[in-house]
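Trainee: Model the following, please.
(one chain, ligands or ions: 1)
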Amino acid sequence: MNSTALPVLPSARDKLLFTPGPLTTSSSVKEAMLHDAGSWHWEFNTLVKHIREKLLAVAGVSRETGWECVLLQGSGTFGVEAVFQTCVPPTGKVVVLSNGAYGERMVLMLQHARIPHVVLRTAEDTISDAQALDATLAQDPDITHVAVVHCETTTGILNDLATVGAVAKRHGKTYIVDAMSSFGAVPIDFEAVGLDFLISSANKCIEGVPGFSFVLCRRAVLLASEGWARNLSMNLLDQLKGFEKNGQFRYTPPTHAILAFAQALKELELEGGVAGRAARYRRNHEVLLAGMTRLGFKSYVPAAVQSYIITSFIFPADPKFTFNEFYRRVAEKGYILYPGKISQADTFRIGNIGRLFESDLRSVVYAIQEAIEEMGIRL
Ligand SMILES: *Cc1c(COP(=O)(O)O)cnc(C)c1O
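Mentor: Down below sits the predicted model:
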């Protein structure tokens, strides 16, 4: 096939995405986008208001108890960066607990913003170290904020928000959590964990399409950041004021992604909310892991700290294995894996979030088995 030719023929159905976002969405979520919404019109603004309220409900928190929800244009990274850009004071200092590519991305954001920071690293298969955090906070009183990734999508490891949060709170620090790939499917007790800012996005466990991120935060903590923003378009406090003044995003909103998201939230509710979605994803993960183990693959993250969101598998030792060919063969059968590795270890990742069911996981395992046989790989 001519490699420069674009595939223009519409196929009967899309390939299934086993990636951690964007991911396979329901046809009803895609159909919700077949409209042009006026971003200044009250109908659209009412929908935005409704979404902000629904997200608070999904989080299990409320305005009455001091919580707020701010939507921001852009992918998930923009949301995380907006929190740092807006909410760390000029004299602030952040400690990042990192055990993967998304923790390292936080470090890059802080470098770009020239915000003083320290990094506490653990290996990619080891959860963040609350004891090391305790020691660091005890000997560095300049630190004002603690930041951690909940599900490190690099490997699928699930960090323990509660133990890290308890230490952050004991030292009186503001607690920022990137829950991009967990919010909506992994229960999080905001109060018990001691959260101040949680960031997630439209195209992960809520199963919407890409276009915006959202920040769930303690209103008082956000209001306290008046005057600190280092950046205009990502100023979360001004974004909140915009919503409160006239119901609008400050600049052009991703209207179609908002329409899709409203439908996605309905479907989350139909599935039984976070608990219902957690049950489906957990089942997906179990089916995947059992199938891959049967084929002879080994997962990378220890079972005790493995999330049911995404799973990393170690490359087969057989020298005939090359990831590119493996990826291409599985893709030709209709299943898209993540096309590369971001972990330092030789692993590939299979996500099981999105509109996927256990039959889809059985199918991808079967496709993987075929690809391995075609390549003559021994496991
Ligand atoms: C997906 C993801 C992000 C954000 O990625 P974008 O490509 O900017 O949407 C950040 N952190 C984690 C843990 C993620 O899984």
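
Trainee: Quick one: distance of the longest helix along the chain to the chain centre.
Mentor: Longest helix in the chain by number of residues, with DSSP state H as the criterion: helix 273-295. Once both centres are worked out by Cα atoms, centre = their mean, to the nearest Å, helix 273-295 turns out to sit 18 Å from its chain's centre.

Trainee: buried stuff in it?
Mentor: Of all the residues in helix 273-295, those buried under the rule 16 or more other Cβ atoms under 10 Å are 274, 277-278, 280-282, 284-285, 287-289, 291-292, 295. C-beta here means a position set from N, CA and C on the backbone, and glycine is covered the same way.

Trainee: can you check stretch 189-197 too?
Mentor: For stretch 189-197, burial by neighbour count (16+ other Cβ under 10 Å) applies to 190, 193-197.

Trainee: Quick check: mean pLDDT of it?
Mentor: For stretch 189-197, mean pLDDT is 98.

Trainee: End to end on it, go ahead and measure it.
Mentor: With Cα to Cα, to the nearest Å as the measure, stretch 189-197 spans 13 Å from end to end.

Trainee: Which residues outside that stretch are in contact with it?
Mentor: By Cβ atoms under 8 Å, 6 or more residues apart in numbering, the residues outside stretch 189-197 that reach it are 59-61, 65, 67, 83, 87, 161-162, 165-166, 168-169, 174-177, 188, 198, 215-218, 221-222.

Trainee: Just the buried residues of these.
Mentor: Buried members of the contacts of stretch 189-197, scored by 16+ other Cβ under 10 Å, are 59, 61, 67, 83, 87, 161, 165-166, 168-169, 174-177, 188, 198, 215-218, 221-222.

Trainee: Does the helix or strand harbouring Thr86 reach the ligand?
Mentor: Using DSSP states H and E, Thr86 sits in helix 76-87. Yes. Contact of helix 76-87 with the ligand (Cβ under 6 Å from any ligand atom) involves 76-77.

Trainee: helices and strands around that helix, which ones?
Mentor: Contacting helix 76-87 under the criterion 3 or more Cβ pairs under 8 Å, 6 or more residues apart in numbering; DSSP states H and E are the following elements: strand 67-73, helix 101-112, strand 174-178, strand 197-201, strand 212-218, helix 219-223, helix 236-246.

Trainee: Mind doing that once more with 6 Å?
Mentor: strand 197-201, strand 212-218, helix 236-246 (3 or more Cβ pairs under 6 Å, 6 or more residues apart in numbering; DSSP states H and E).

Trainee: which residues are contacting it?
Mentor: 72, 109, 113, 176, 178, 180, 197, 199, 201, 213, 215, 225, 229-231, 234-237 (Cβ atoms under 6 Å, 6 or more residues apart in numbering).

Trainee: same check, this time on stretch 236-252
Mentor: Here stretch 236-252 makes contact (Cβ under 6 Å, 6+ apart) with 45, 70, 72, 82, 86, 222, 225.

Trainee: How about stretch 307-326?
Mentor: Contacts to stretch 307-326, defined as Cβ under 6 Å, 6+ apart, come from residues 20, 151, 153, 155-156, 158, 181, 281-282, 285, 292, 297-300, 346-351, 353, 371, 375-379.

Trainee: ends of that stretch, how far apart?
Mentor: 24 Å.

Trainee: so Leu72 touches Ser213, yeah?
Mentor: Yes. Leu72 is in contact with Ser213 according to Cβ atoms under 6 Å; the separation is 5.3 Å.
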